[in-house]
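Undergrad: Sequence and computational prediction follow.
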Amino acid sequence: MKPEDVRSRSAASRSELTVLGLCFAVILFDGYDLIVYGAVVPALLQYQPWGLTPTEAGMIGSYALIGMLVGALVAGAVTDLVGRRKVLLICVSWFSLAMAACALAPSAELFGLFRLLGGLGLGGVMPTAIALTAEYSAAHRRSLNNALMFSGYPVGGILSAVLALALMPEFGFRIMFWIGALPLVTVVPLLWRYLPESTSYLAAKATPAGPGAKRGVAALFTRRHLGPAALFAVTSFFGLLLVYGLNTWLPQIMKAAGYPLSSSLLFLVMMNVGAAAGSVLVAPIGDRMGMRPVTAVTFTAAALSIYLLSSPTAAWVMYVLVAVAGFGTIGTQIMVNAYVAMHFPPEVRATALGWTLGIGRLGAVVGPTFGGFLLASDLATEWNFYAFAIPAAVGALMVFLLPKGARAASPAPDAAAVGTA
């Protein structure tokens with residue numbers, strides 16, 4: 001092998017690891033800042049100055065997700081105009097400031113407003129980080145790298161539950177939101193210094209599109225891409241309903257089933273452990289066998305495990321079922337995101353991720369409110385589980401309508417692209 005080829009591969013490998021590590025850190029705080037709400041809901045319901053009901057707490061839980069819907073759509077539309085690096089820097093700074101505002105909120109109404117505003121930044125983070133990770137990954141590691149990067153989300157969820165157990169009894173719920181503001185002084189400087197720009201964005205900027213060529217949103221809304229994008233969006237609807245519904249309400253659901261608060265928060269930890277471990281282990285199978293069968297299996301695992309949780313049994317069995325449910329809910333959405341990144345070509349990938357995740361966010365908006373209505377109803381406890389098992393089963397059926405494989409796979413960035421980044 002020629003020396004210049006060795007240097008080229010070495011530079012590409014360093015860029016791949018740099019992007020993977022930075023995007024992992026971003027997604028870790030993204031996951032923390034979203035899942036922390038589920039960890040503090042029991043404390044919020046007991047916070048007498050605000051006097052929240054379960055329905056009101058569920059609605060506040062949905063506010064951040066409404067903001068994420070808008071943020072994902074906006075990020076998907078502008079990323080091809082201003083670059084993915086700039087979008088990621090702005091979004092991380094934005095949601096960090098919003099978390100600080102939540103920590104200072106004097107009323108439930110302002111707290112809900114700041115969660116809504118924070119969602120704008122959180123919504124732009126995911127599609128941008130996924131697109132950058134996919135672009136800088138070697139083709140045969142694209143699904144694995146996406147799973148490794150996105151495992152930051154459940155790791156953030158684990159941190160939120162563990163820190164809630166350790167800190168909330170003494171410091172109250174506000175300390176949890178101060179922690180969520182840390183990326184402003186920890187992650188943003190690293191992104192500014194080390195995150196490279198998207199090579200496809202730089203190439204498009206250097207080589208203007210020819211007459212009639214379409215990019216971004218215009219390219220997505222063509223016959224070739226619109227149908228698959230709509231199917232991915234509907235699938236994401238069910239995946240995100242499960243992710244945010246359970247992450248918001250699982251501690252309270254388990255508490256209603258008779259478990260003490262400390263055990264209920266441990267269930268949240270186990271759900272996110274299952275998601276992180278399961279998705280990393282299964283992702284290489286998706287690289288080899290295709291994403292459709294893997295995604296169908298993970299959705300089915302979610303439906304079965306959530307259904308079985310309705311029948312109380314030994315504690316260790318319940319923890320295992322919750323871990324499988326985490327793999328089948330959060331892990332499924334990780335697989336769907338990788339599926340989208342592998343299916344769409346680089347010039348439309350970030351836009352496709354933004355719009356499919358953005359429309360799918362309707363499920364994320366529905367999830368917390370749906371859980372709040374369930375807990376406020378007079379239904380038997382087991383219906384708290386049945387009601388989430390049903391959308392998981394429908395999601396598994398939706399997967400069979402998705403395209404069979406990746407339509408376009410881009411190579412890892414070459415040395416020249418790395419140098420210009």
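TA: It's in. Numbers count the residues shown, from 1 in each chain.

Undergrad: any idea how far Val82 is from Pro183?
TA: 20 Å (CB to CB, to the nearest Å). Using the backbone N, CA and C atoms, a C-beta is placed for each residue, glycine as well.

Undergrad: again with Tyr32
TA: In this view, Tyr32 and Pro183 are 9 Å apart by CB to CB.

Undergrad: likewise Val365?
TA: From Val365 to Pro183 the distance is 24 Å (CB to CB).

Undergrad: Can you tell me the closest non-neighbouring residue to Ile253?
TA: Spatial nearest neighbour of Ile253, excluding adjacent residues (CB to CB, 6 or more residues apart in numbering): Asn384 at 4.7 Å.

Undergrad: Could you list the low-pLDDT ranges of this structure?
TA: Scanning the chain with the threshold set as pLDDT under 70 gives 1-14, 80, 204, 207-219, 261-262, 264, 405-421.

Undergrad: who has more neighbours, Val82 and Pro183?
TA: Counting neighbours by other CB atoms under 10 Å for Val82 and for Pro183 shows that Pro183 has the greater number, 26 against 12.

Undergrad: Provide a list of residues in contact with the more buried one.
TA: Contacts for Pro183 (CB atoms under 8 Å, 6 or more residues apart in numbering) come out as Ala25, Val26, Phe29, Val92, Phe95, Ser96.

Undergrad: Which of those residues fall in strands?
TA: Secondary structure defined by DSSP state E assigns none of the contacts of Pro183 to strands.

Undergrad: now, which of these sits nearest Leu65?
TA: The shortest gap between Leu65 and any of the contacts of Pro183 belongs to Phe95, at 12.9 Å (CB to CB).

Undergrad: number of nearby residues for the closest one?
TA: The local packing of Phe95 (other CB under 10 Å) involves 31 other residues.

Undergrad: element containing Ala98?
TA: helix 84-104 (DSSP states H and E).

Undergrad: The next helix-or-strand element following that helix packs against which elements?
TA: Counting by DSSP H and E, the element after helix 84-104 in chain order, helix or strand, is helix 108-135. In terms of contacts (3 or more CB pairs under 8 Å, 6 or more residues apart in numbering; DSSP states H and E), helix 108-135 is packed against helix 3-45, helix 54-82, helix 84-104, helix 142-150, helix 315-343, helix 346-376.

Undergrad: is it true that Val87 touches Val78?
TA: Yes - counting by CB atoms under 8 Å, Val87 does reach Val78; the two are 6.7 Å apart.

Undergrad: Please say which of these two ends up with more neighbours.
TA: More crowded of Val87 and Val78, by other CB under 10 Å: Val87, with 27 against 19.

Undergrad: my guess is Gly118 contacts Met99, does it?
TA: Yes - Gly118 is within contact range of Met99, at 6.1 Å (criterion: CB under 8 Å).

Undergrad: shared neighbours, those two?
TA: By CB under 8 Å, 6+ apart, the residues touching both Gly118 and Met99 are Asp33.

Undergrad: re earlier: extract the C-alpha set from the helix holding Ala98 and format it as PDB.
TA: Listed next in PDB are the C-alpha coordinates belonging to helix 84-104 (Å, rounded to 0.1, in the frame of the first residue of the first chain):
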ATOM      1  CA  ARG A  84     -24.500  20.700   9.800                       C
ATOM      2  CA  ARG A  85     -21.700  21.900  12.000                       C
ATOM      3  CA  LYS A  86     -23.300  25.300  12.600                       C
ATOM      4  CA  VAL A  87     -26.700  23.700  13.200                       C
ATOM      5  CA  LEU A  88     -25.400  21.400  15.800                       C
ATOM      6  CA  LEU A  89     -23.500  24.200  17.600                       C
ATOM      7  CA  ILE A  90     -26.600  26.400  17.700                       C
ATOM      8  CA  CYS A  91     -28.900  23.600  18.800                       C
ATOM      9  CA  VAL A  92     -26.700  22.400  21.700                       C
ATOM     10  CA  SER A  93     -26.200  26.000  23.000                       C
ATOM     11  CA  TRP A  94     -30.000  26.600  22.700                       C
ATOM     12  CA  PHE A  95     -31.200  23.600  24.700                       C
ATOM     13  CA  SER A  96     -28.500  24.100  27.300                       C
ATOM     14  CA  LEU A  97     -29.800  27.700  28.000                       C
ATOM     15  CA  ALA A  98     -33.300  26.400  28.100                       C
ATOM     16  CA  MET A  99     -32.400  23.800  30.700                       C
ATOM     17  CA  ALA A 100     -30.900  26.500  32.900                       C
ATOM     18  CA  ALA A 101     -34.200  28.500  32.500                       C
ATOM     19  CA  CYS A 102     -36.200  25.400  33.600                       C
ATOM     20  CA  ALA A 103     -34.000  25.200  36.800                       C
ATOM     21  CA  LEU A 104     -35.000  28.800  37.600                       C
END
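
Undergrad: Next, the angle helix 3-45 makes with that helix.
TA: With axes from the mean of the first three to the mean of the last three CA atoms, to 10 degrees applied, the angle from helix 84-104 to helix 3-45 works out at 20 degrees.

Undergrad: on contacts alone, who are the packing partners of helix 84-104?
TA: Applying 3+ CB pairs under 8 Å, 6+ apart, one finds that helix 84-104 makes contact with helix 3-45, helix 54-82, helix 108-135, helix 174-180, helix 183-194.

Undergrad: residue contacts, Ile130?
TA: Cys23, Asn146, Met149, Phe150, Asn337, Ala338, Val340, Ala341, Leu353.

Undergrad: let me fix that: Pro391
TA: Applying CB under 8 Å, 6+ apart, we find Pro391 in contact with Phe238, Leu241, Leu242, Gly363.

Undergrad: The first one is in what secondary structure piece?
TA: In the assignment (DSSP H and E), Phe238 maps to helix 223-256.

Undergrad: which element follows that helix toward the C-terminus?
TA: Beyond helix 223-256 toward the C-terminal end (DSSP H and E), the next one is helix 261-289.

Undergrad: That next one packs against which elements?
TA: Where contact means 3+ CB pairs under 8 Å, 6+ apart, helix 261-289 is packed against helix 3-45, helix 142-150, helix 152-171, helix 223-256, helix 291-308, helix 315-343.

Undergrad: Nice, that's everything, thank you.
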